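give me a 3D structure for the following:
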Amino acid sequence: MLLIRNADVFAPEPQGVQSLLLGGGQVLWIGPGRELAELPAALRGRAEVIDLGGARLIPGLIDAHVHVTGGGGEAGFRTRVPAVPLSRFTTAGITTVVGLLGTDDVARGPRELLATLYALREQGLNAYGYTGGYHVPPATLTGSARGDLVFVDALVGIGEVAISDHRSSQPTFPELLRLAADAHVAGLMTEKAGIVHLHLGDGPRGLELVRRALAESELPARVWNPTHVNRRRALFDEAVALARAGCTVDLTAFPVAEGEDAYSAADGLLRYAESGAPAERITVSSDAGGCLPCFDADGHVESMEVGAAGALLATLGEVLRRGLPLEAALPAFTSNPAKLLRLAGKGRIGAGADADLVALDATGAARTVIIRGAVHVRDGVAVRRGGFET
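As a prediction, the model looks like this:
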């Protein structure tokens, strides 16, 4: 058991200074002040005590777009990115990841993805995944995307399916509708998210297929979850309109050069807040482990960077410095993805919620990270590491 004292709690709503008792992977009790007068002294005596000294305590960050196996491979096998180790997530305040496959859904297939998710779970991280990858028909374990979602506990949706991108399989409208129908029905059968997580490229068609699906099919808007929507400014405007129509849209915390026709995740989040679109329909993810390539006119990779898990906390810190209150910024990293992904108990702090917690230091870095009641980071240092981390 773990007793946390003097925590300035944002749940994500501000709760003031609170004490919390954790046990069995959950928050058992939360109340004001330093003491737990409501609980028996014998019970209090069994708990390890962490005094946060008034530091801000937030729900653990949920990163809903991570290449847990590593991404890349778009300029030869030598450009395949290694898998992301446990402490890269935990020291960045991430307590839950959703893993996926991208361009390479052949050499890196669904079996490797699932094995990597299970390895992260064994190391204490909350880990889920999407079945499929960029291409249609999707790479699957059971022979169908619907079967994967119904029978594989860790898989919660289909993705990242590429559209408006030269690397996609150029899915037709009927093909995309069929995928979304499979995701939706499997979600109904299992109470999972049942979403299609869409990779958006630079193509001029943008979100045209999704707009058409909303107009011509019976599928609910929540099934469609486009990501990278800040990669072009016009695409961002399309995404805001879709959010008003009921889709949840995802910003990617990738680097943006000065003068580039794109918005940083911080810019996008601030612009979204100013737009008046539904606050619960926006999320931010890191693309950690993914290749961020720049292509020339012939489709050859000119340069590449790699997505970093730390981009989420960096984005959160940036929007705070620019005046967005913490309680207004946090949902995009916590409660919004938890709601979209139907992860009960996550994304919030309260009695009965999962004990996934992050204490921030004065600079906004992760000082203490707790996952399901177990301490992973203490005083900014990872005290739990993956089996092959040095």
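
from now on I want contacts and neighbour counts done on CA atoms only, so please keep to that.
OK.

would you map out the domains in the chain?
Per automatic domain parsing, the domain ranges recorded for the chain read 2-58+345-382, 60-341.

how about these in TSV, adding distance to residue 389 and mean neighbour count?
Converted to TSV, the domains of the chain look like this (distance: least, Cα to Cα, whole Å; neighbours: other Cα atoms under 10 Å):
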stretch	distance to residue 389	mean neighbour count
domain 2-58+345-382	11	19
domain 60-341	7	20
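
what's the least confident stretch among those domains?
Lowest mean pLDDT within the domains of the chain: domain 2-58+345-382, at a mean of 90.

okay, helices next: where are they in the protein?
Secondary structure of the chain (DSSP state H): helices at 41-44, 86-90, 110-122, 145-151, 173-190, 208-216, 233-244, 265-275, 311-321, 326-329, 335-341.

who does the longest one touch, helix- and strand-wise?
Read that as helix 173-190. Judged by 3 or more Cα pairs under 8 Å, 6 or more residues apart in numbering; DSSP states H and E, the packing partners of helix 173-190 are helix 145-151, strand 155-163, strand 195-200, helix 208-216.

give me that answer again for 6 Å
Here helix 173-190 touches helix 145-151, going by 3 or more Cα pairs under 6 Å, 6 or more residues apart in numbering; DSSP states H and E.

what's the spacing between the helix it packs on and its chain's center?
In terms of Cα atoms, centre = their mean, to the nearest Å, the centre of helix 145-151 is set 21 Å apart from its chain centre.

contact partners of that helix?
142, 155, 182, 186 (Cα atoms under 6 Å, 6 or more residues apart in numbering).

ok, the first one to residue 291 distance?
According to Cα to Cα, to the nearest Å, residue 142 and residue 291 sit 28 Å apart.

ok, for residue 307, nearest residue in space, not its chain neighbours?
In space, and not counting its chain neighbours, residue 307 is closest to residue 288: 4.2 Å by Cα to Cα, 6 or more residues apart in numbering.

the one you found contacts residue 306, doesn't it?
No - judged on Cα atoms under 6 Å, residue 288 makes no contact with residue 306 at a distance of 7.1 Å.

now do the shared contacts for these two.
Counting by Cα under 6 Å, 6+ apart, no residue touches both residue 288 and residue 306.

can you list the helices of the chain in CSV and add distance to residue 363?
Shown next, in CSV, are the helices of the chain (distance: least, Cα to Cα, whole Å):
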stretch, distance to residue 363
helix 41-44, 32
helix 86-90, 17
helix 110-122, 28
helix 145-151, 40
helix 173-190, 40
helix 208-216, 40
helix 233-244, 30
helix 265-275, 17
helix 311-321, 8
helix 326-329, 14
helix 335-341, 23
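
which among the ones you listed is found nearest to residue 163?
helix 208-216 (8.5 Å; Cα to Cα).

give me the angle between the closest one and strand 155-163.
120 degrees (axes from the mean of the first three to the mean of the last three Cα atoms, to 10 degrees).

how about helix 208-216 as PDB, C-alpha atoms only?
Only the C-alpha atoms of helix 208-216 are listed here, as PDB (Å, rounded to 0.1, in the frame of the first residue of the first chain):
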ATOM      1  CA  GLU A 208     -12.600  13.600 -47.700                       C
ATOM      2  CA  LEU A 209     -13.300   9.800 -47.200                       C
ATOM      3  CA  VAL A 210     -14.300  10.400 -43.600                       C
ATOM      4  CA  ARG A 211     -16.600  13.300 -44.500                       C
ATOM      5  CA  ARG A 212     -18.200  11.000 -47.100                       C
ATOM      6  CA  ALA A 213     -18.600   8.200 -44.500                       C
ATOM      7  CA  LEU A 214     -20.400  10.500 -42.100                       C
ATOM      8  CA  ALA A 215     -22.800  11.600 -44.900                       C
ATOM      9  CA  GLU A 216     -23.400   8.300 -46.600                       C
END
